[in-house]
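K.L.:
Okay, sequence plus prediction incoming.
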Amino acid sequence: MKAVEEIGGIGEPTGIIERRRARPRDAASVTRTTILTLAMMAIIVAFLSPLLHTAIASIRSPEQTSQLHSPFLPSDPITYEFEGRDYDVYQVPIDGAVRELALVTKGRQESKFVDPANPGAGLITWTGSWRTLEPAFALSPKWGNYADVWDLINFPLLLRNTILIAIIGVIGTVASCTLVAYGFARFRFRGRGLLFTLLIATIFLPTAVTLIPTYTIFVKIGWVGTWLPLLVPTFFANAYDVFLLRQYFLTIPRDLDEAAAIDGAGPFRILRSVVLPQAWPVIIAVAIFHFVYTWNDFFGPLIYLSGHPELYPLQVGLASFNGIYYQNPAYIQAGTMMTLIVPVVLFIVFQRVFIRGIVITGVEK
């Protein structure tokens, strides 16, 4: 027989009673989930609001930026031609409704307007100060700002330079950091722990400490004024990417290495045929990290490429452009938006693999 529980003299199945008791708990869980979702959405909106403001500002004209009472979206004041003259259009409250009327005659107490939708109806007299009225605006984005910036900043040249520097740097970083991380993850040798600790310690070394000695060395060997100071160091690994790769390599079972070794595979063959095919998520993560770093790097190209505008990447070229066209903020914002396109598209395309590589490198091994 089914279990029955007596409540108030009425017998009900225990399962029904348990479901009834669970309902308030489910409602509370839904409420918490809803609140958490709304909070996350609010944080995302707040985080992306500067980007939205930059995008809107990039399609404004200088007049739209400087005009008073300008709406958030790029808009121009509406005018209406009446009897051979252009008159400003205002939002006029009449008979409980707001109408867009052209101001023909200005007065302190009364003003005369004409309705652009029905000019044949004659002038409309409105009592009040016309200075208290809000002007009417029409949406008018200036998409030509992007074309102007493309030509003024010589964007194709800067884009080519940036992509070349970034791609060569990614190749050097991935190749060198993979070899170093593979050595720390798979080979056992005396002093391995100490060497790895010293390598990680270099993360905390401020760039300002090594700037002058490094610059002096590059000057003496004649590399200043070329891309070599930006590219050659990437082929000698860095602590941050080595750490990420090593942590990921440690999650790959050693049994696979031993099986390959039994079949006669050497260390490099094991790396190429066993480790790397399973490590694509972290390799892509490291590549994206370095690509974005190179894409946003300003200080390095500034000190090593100064006086050679034909070698400038986007960040240095955009800074020079901003100094020339500072009176037109829309050009500056348009150039900024154009530099964001490639990193954003890159992250969207490799988002899933990128996140997987970051998450797995945090697994303790």
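P.N.:
All right, it came through fine. Keep in mind that this is a model prediction, so the values were computed, not measured.

K.L.:
residue ranges of the helices in the stretch 1-150 of the chain, please?
P.N.:
In the stretch 1-150 of the chain, the segments counted as helices under DSSP state H, counting those that start in this stretch are 14-57, 62-66, 144-152.

K.L.:
Those: which one's closest to Leu199?
P.N.:
helix 14-57 (33.5 Å; Cβ to Cβ). (C-beta placed from N, C-alpha, C; glycine too.)

K.L.:
just checking, what packs against that closest one?
P.N.:
Packing partners of helix 14-57 (3 or more Cβ pairs under 8 Å, 6 or more residues apart in numbering; DSSP states H and E): strand 4-7, helix 329-349.

K.L.:
Can you redo these as a markdown table, where the extra columns are distance to Phe82 and mean neighbour count?
P.N.:
What follows is the helices and strands packed on helix 14-57, written out as a markdown table (distance: least, Cβ to Cβ, whole Å; neighbours: other Cβ atoms under 10 Å):
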| stretch | distance to Phe82 | mean neighbour count |
| --- | --- | --- |
| strand 4-7 | 81 | 10 |
| helix 329-349 | 32 | 17 |
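
K.L.:
Ok, which of these comes nearest Arg190?
P.N.:
The nearest among those, by Cβ to Cβ, is helix 329-349 at 41.4 Å.

K.L.:
shaky segments in the chain?
P.N.:
1-25, 68-69, 353-354, 356-365 (pLDDT under 70).

K.L.:
residues in contact with Ile56?
P.N.:
Shown in contact with Ile56 (Cβ atoms under 8 Å, 6 or more residues apart in numbering): 72-74.

K.L.:
Kindly write the PyMOL command that selects the buried subset of the residues you listed.
P.N.:
Command for PyMOL that selects the buried part of the contacts of Ile56, burial taken from 16 or more other Cβ atoms under 10 Å:
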select buried, resi 74
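
K.L.:
quick one: which of the contacts of Ile56 is nearest Asp115?
P.N.:
Looking across these and measuring by Cβ to Cβ, the closest to Asp115 is Leu73, at 25.1 Å.

K.L.:
quick one, phi psi at Pro206?
P.N.:
Main-chain dihedrals, Pro206, degrees, to the nearest 10: phi -60, psi 140.

K.L.:
Sort out for me which of the contacts of Ile56 are in strands.
P.N.:
Among the contacts of Ile56, no residue falls in strands (DSSP state E).

K.L.:
Figure out which of the helices and strands packed on helix 14-57 is closest to Ser58.
P.N.:
Of the helices and strands packed on helix 14-57, the one closest to Ser58 (Cβ to Cβ) turns out to be helix 329-349, at 3.9 Å.

K.L.:
can you list contacts of the closest one?
P.N.:
For helix 329-349, the surrounding residues in contact (Cβ under 8 Å, 6+ apart) are 51, 54-55, 57-62, 65, 142, 145-146, 148-150, 152-153, 155, 163, 288, 291-292, 295-296, 314-315, 318, 321-322, 325-326, 354.

K.L.:
Give the buried residues for stretch 318-330.
P.N.:
Judged by neighbour count (16+ other Cβ under 10 Å), stretch 318-330 contains these buried residues: 318, 321, 325, 328-330.

K.L.:
any idea which element Ile212 lies in?
P.N.:
According to DSSP states H and E, Ile212 maps onto helix 207-220.

K.L.:
For that helix, name the packing helices and strands.
P.N.:
Looks like helix 207-220 contacts helix 228-231, helix 299-304 (3+ Cβ pairs under 8 Å, 6+ apart).

K.L.:
So which other helices or strands are in contact with the last one?
P.N.:
Right, helix 299-304. Helix 299-304 packs on helix 207-220, helix 228-231, helix 314-324, going by 3+ Cβ pairs under 8 Å, 6+ apart.

K.L.:
Ala237: which of these is closest?
P.N.:
Of all the helices and strands packed on helix 299-304, it is helix 228-231 that lies closest to Ala237, at 13.9 Å by Cβ to Cβ.

K.L.:
that older thread, redo the helices and strands packed on helix 14-57 as JSON lines? Include distance to Ala260.
P.N.:
Output for the helices and strands packed on helix 14-57, formatted as JSON lines (distance: least, Cβ to Cβ, whole Å):
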{"stretch": "strand 4-7", "distance to Ala260": "63"}
{"stretch": "helix 329-349", "distance to Ala260": "32"}
